[in-house]
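Q: Let me see the structure of the following:
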Amino acid sequence: MEKMKLKMDTKFIEKLKLNEIIDSLCINRICESKLKIEKKLATAGQGKIKLAIYNNSWVIIKILHNLNVRDYTSEVLNADKYRHQNIPKFLGVYQSEKDFGMVFEYIEGLTLNRIISLEKSGKLKLTFLSKL
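A: All right, here's what the predicted structure looks like:
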């Protein structure tokens, strides 16, 4: 019982730290009530990827599991830093009672992994310019 209480206290402290860090970085918070989760797309090593609707647009929620404060902060800072037409735009952080995550714009099409696989198999031919 004492171990369980300690684990819960640790999770609570981690949440408080994350909230303080997010507030200090002025990162947009996206309320759980503003998201309509449609379906789970994938499960990865660090969490799950879900498709949702936010402000009448499709978005991706990257729900992160078992990350400490430093790793989560690093993920958020990296996502917020990169701005490029070929990188999904980071919209903000998501937090529910049990999950922390990041919300990105949804870009329809093939994943980079799938494009590389198709090119290697000869089913897709890319020009030099399209590879850039």
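Q: For the residue nearest the centre of the chain, give its distance to S121.
A: If you average the C-alpha coordinates of the chain and look for the closest C-alpha using CA atoms, centre = their mean, you land on K62, 2.8 Å from that point. For K62, the distance to S121 (CB to CB, to the nearest Å) stands at 28 Å. C-beta coordinates here come from the backbone N, C-alpha and C atoms, glycine included.
Q: My guess is I61 contacts G47. True?
A: No. Under the contact definition of CB atoms under 8 Å, I61 does not touch G47, with a separation of 9.4 Å.
Q: For the two, work out which one has more neighbours and name it.
A: Using other CB atoms under 10 Å, the more surrounded residue of I61 and G47 is I61, with 26 against 19.
Q: what separates that one from E32, distance-wise?
A: Counting by CB to CB, the separation of I61 from E32 is 10 Å.
Q: any residues in contact with both of these two?
A: Y94 (CB atoms under 8 Å, 6 or more residues apart in numbering).
Q: thinking again about what came up before, could you tell me which residues touch both of I61 and G47?
A: Taking CB under 8 Å, 6+ apart as the contact definition, I61 and G47 share the neighbouring residues G101.
Q: Next SSE downstream of the helix or strand that contains N19?
A: Secondary-structure element containing N19, defined by DSSP states H and E: helix 2-25. Moving toward the C-terminus from helix 2-25, the next helix or strand (DSSP H and E) is strand 29-30.
Q: for that next one, packing partners?
A: Other helices and strands packing on strand 29-30, by 3 or more CB pairs under 8 Å, 6 or more residues apart in numbering; DSSP states H and E, are strand 90-95.
Q: Quick one: residues in contact with the longest strand seen in the chain.
A: Identified as the longest strand of the chain according to DSSP state E is strand 35-44. Taking CB under 8 Å, 6+ apart as the criterion, the residues outside strand 35-44 that touch it are K48, I49, K50, L51, A52, I53, Y54, V59, I60, I61, Y94, V103.
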